[in-house]
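Novice: Any chance you can model this:
(2 chains)
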Protein chains: 2
Amino acid sequence: MTLATSSAASPTAAPAPSDAAPASVAAPPFGRLLPQDEFEERIRQIGAERYHSLHPFHKLLHGGKCNHGQVQAWVLNRYCYQSHIPLKDAALLSRMEDLELRREWRKRIEDHDGREGNEGGIERWLVLAEGVGLDRAYVVSGAGMLPATRFAVEAYVRFVREKSLLEAIASSLTELFAPKIHKERIAGLLEHYDFANERTIAYFKRRLDEAPKDVKFGLGYVLREARTREQQEQVLAAVRFKTDVLWAQLDALYHAYVAPGHIPPGAFVPEGMVPVTELDL
Amino acid sequence: MTLATSSAASPTAAPAPSDAAPASVAAPPFGRLLPQDEFEERIRQIGAERYHSLHPFHKLLHGGKCNHGQVQAWVLNRYCYQSHIPLKDAALLSRMEDLELRREWRKRIEDHDGREGNEGGIERWLVLAEGVGLDRAYVVSGAGMLPATRFAVEAYVRFVREKSLLEAIASSLTELFAPKIHKERIAGLLEHYDFANERTIAYFKRRLDEAPKDVKFGLGYVLREARTREQQEQVLAAVRFKTDVLWAQLDALYHAYVAPGHIPPGAFVPEGMVPVTELDL
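Specialist: Now for the predicted structure:
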């Protein structure tokens, strides 16, 4: 192993703030206010480069390459995310002083928690969980969840609770990129997996209707309310942060259940696998 | 892919609360107060089963099996943890109404941030970072850090800020298990890596002196102040939570830089590697 200092082209040189700075890094120097179309284009560019539709786990899942245990692990861990969405939206709601804004945003909580005549997204996710052979109470308990899933989801809820309202709303804009992945998923699951049917994949079908309405509102809000370049950069950082939240969950899933298949202590162990501490490494 | 419901022996059945429940799960039913020696033994048992000394990444690192980029990635990401320790301890300090307790705990902040005649643990870590060829400003900026590292570290700081003082102090008890790993690491680094010398590994040598004093106090506090079985269970959950925080950081590191080598968008890319989005998968 050599001690050579890395060359200037290497990542040891500080990267350009606009495409690499995570939320916790010092604010970049700000320039001119971006026109709305260019600002929106930059938001969309983040999706093209970092949205979890690009993640190797999704390629396996949608291509029918996941085994039963991997699908179970995905459903189990993603439940953690799904079940925290209303908490995130309630935190947002609790910070909105504008009645119209609250009325608009409240729908999201109802979409997930349910209302008269709509069992809600969380219930639909539990139907999927049962459809892949998981015990409902086990899923709801949170036992077996990968700690990394929990840390990422909690980071999201806290981001929404603690950042500005503009950044909090901006972090929901990954929904811009969701309809495409939901369509791919619906087609991929129905084609490749026995468990997939109208009932078990109802969650994704429903989101095809809900997400575009939600995101139209969120995008309009952000384009309108980001009135300085600094605020526009905060919006972009919030969208990047959210792509990190989604990506990190799949990284943890892939690591534990696909390759190298190192299941951390205490996490769900599918049939035929063992925790990493029992592997002969 | 079959739809068979998993058998009773599988992990789809809810596991026993005492050894699997993560911090976020409903409290288990409580039994009798454990005698102090049995309580301490259960704390130590968590270390034996879940401390990150057991993690495959540490086996590679201490056995001289890491390449230069992997060592850099470890040092870079672990800086995130190191640099947040004083924030965690300050959050604890801000909640201690007892002057004697604050006096005792304050030393930890000084150990990391430094004082007259002691550059502090964070500075020693930066010396290590420079020793492995990383740019100091890049490390400090936090750019390139794995998002999963940040989420885990922030989860730790927030745990200490939000849980009871007893649980917050208990979460430091992983230091009980640290001296052994530090000894292994010092020996392993000096034996296998060119960058390792008295100066670059000063951080670990110093912790060999500091950690045992710190943990003696923390353990004494917890054994004394956990006065009900419920509190004892909270302590055990806090120690498990902390082992998850440490383990998740190494999982993310292993996934990105060892196997399968999937570096997430925006993270540090060592020479000779590319981000996962540029891999031909």
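Novice: make it CA atoms for all contacts and neighbour counts henceforth
Specialist: OK.
Novice: Spit out the contact partners of the most centrally placed residue in chain A.
Specialist: In chain A, the residue lying closest to the centroid (C-alpha atoms, centre = their mean) is A:Leu246, at 3.2 Å. Under the criterion of C-alpha atoms under 8 Å, 6 or more residues apart in numbering or on different chains, the neighbours of A:Leu246 are A:51-52, A:152.
Novice: Pretty sure it sits in a helix.
Specialist: Yes: looking at A:Leu246 with DSSP: H, G, I helix; E, B strand; the rest coil, it is inside a helix.
Novice: so how far is chain B from it?
Specialist: A:Leu246 is 10 Å from chain B, where distance means C-alpha to the nearest C-alpha, to the nearest Å.
Novice: SS state for the closest residue to chain B within the stretch 51-200 of chain A?
Specialist: Closest residue of the stretch 51-200 of chain A to chain B, C-alpha to the nearest C-alpha: A:Gly133 (4.5 Å). Secondary structure, three-state DSSP: A:Gly133 is coil.
Novice: burial count for it?
Specialist: By other C-alpha atoms under 10 Å in any protein chain shown, the residues close to A:Gly133 number 20.
Novice: do the same with A:Asp98
Specialist: Neighbours of A:Asp98 using other C-alpha under 10 Å come to 9.
Novice: Can you flag which of the contacts of A:Leu246 belong to strands?
Specialist: Among these, no member falls in strands (DSSP state E).
Novice: Out of those residues, which comes closest to A:Glu191?
Specialist: A:His52 (21.0 Å; C-alpha to C-alpha).
Novice: The closest one against A:Arg240, yeah?
Specialist: No: the criterion here is C-alpha atoms under 8 Å, and A:His52 misses it with A:Arg240 at 11.3 Å.
Novice: Counting neighbours, go ahead and name the busier of the two.
Specialist: Higher neighbour count among A:His52 and A:Arg240: A:Arg240, with 28 against 25, using other C-alpha under 10 Å.
Novice: and the more buried one, what element?
Specialist: helix A:229-257 (DSSP states H and E).
Novice: how about the CA coordinates for stretch A:138-152, as CSV?
Specialist: Output in CSV follows, covering the C-alpha atoms of stretch A:138-152 (Å, rounded to 0.1, in the frame of the first residue of the first chain):
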residue,chain,number,x,y,z
TYR,A,138,-44.3,-8.9,12.7
VAL,A,139,-44.2,-6.3,9.9
VAL,A,140,-46.0,-3.7,12.0
SER,A,141,-43.8,-4.3,15.1
GLY,A,142,-40.7,-3.1,13.2
ALA,A,143,-38.6,-6.0,14.6
GLY,A,144,-36.3,-7.4,11.9
MET,A,145,-36.1,-4.0,10.1
LEU,A,146,-32.6,-3.2,9.0
PRO,A,147,-31.2,-0.4,11.3
ALA,A,148,-30.0,1.5,8.2
THR,A,149,-33.6,1.6,7.0
ARG,A,150,-34.7,3.1,10.3
PHE,A,151,-31.9,5.6,10.3
ALA,A,152,-32.7,6.8,6.8
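Novice: Check which residues of that stretch are buried.
Specialist: Across stretch A:138-152, burial judged by 16 or more other C-alpha atoms under 10 Å in any protein chain shown covers A:138-139, A:141-152.
Novice: Check what pLDDT A:Pro17 gets.
Specialist: Looking at A:Pro17, its pLDDT is 42.
Novice: swap that for A:Ala8, please
Specialist: What the model reports for A:Ala8 is a pLDDT of 36.
Novice: next one: A:Gly31
Specialist: 86.
Novice: Then A:Ala27?
Specialist: Taking A:Ala27 on its own, its pLDDT is 50.
Novice: do the same with A:Asp209
Specialist: For A:Asp209, pLDDT reads 89.
Novice: Run a quick neighbour tally on it.
Specialist: 11.
Novice: Residues touching the helix or strand encompassing it, excluding its own?
Specialist: In this structure, A:Asp209 sits in helix A:202-225 according to DSSP H and E. Contacting residues not belonging to helix A:202-225 are listed as A:36, A:39-40, A:108, A:111, A:121, A:124-125, A:166, A:169-170, A:172-173, A:175-176, A:178-179, A:182-183, A:185-186, A:235 [C-alpha under 8 Å, 6+ apart].
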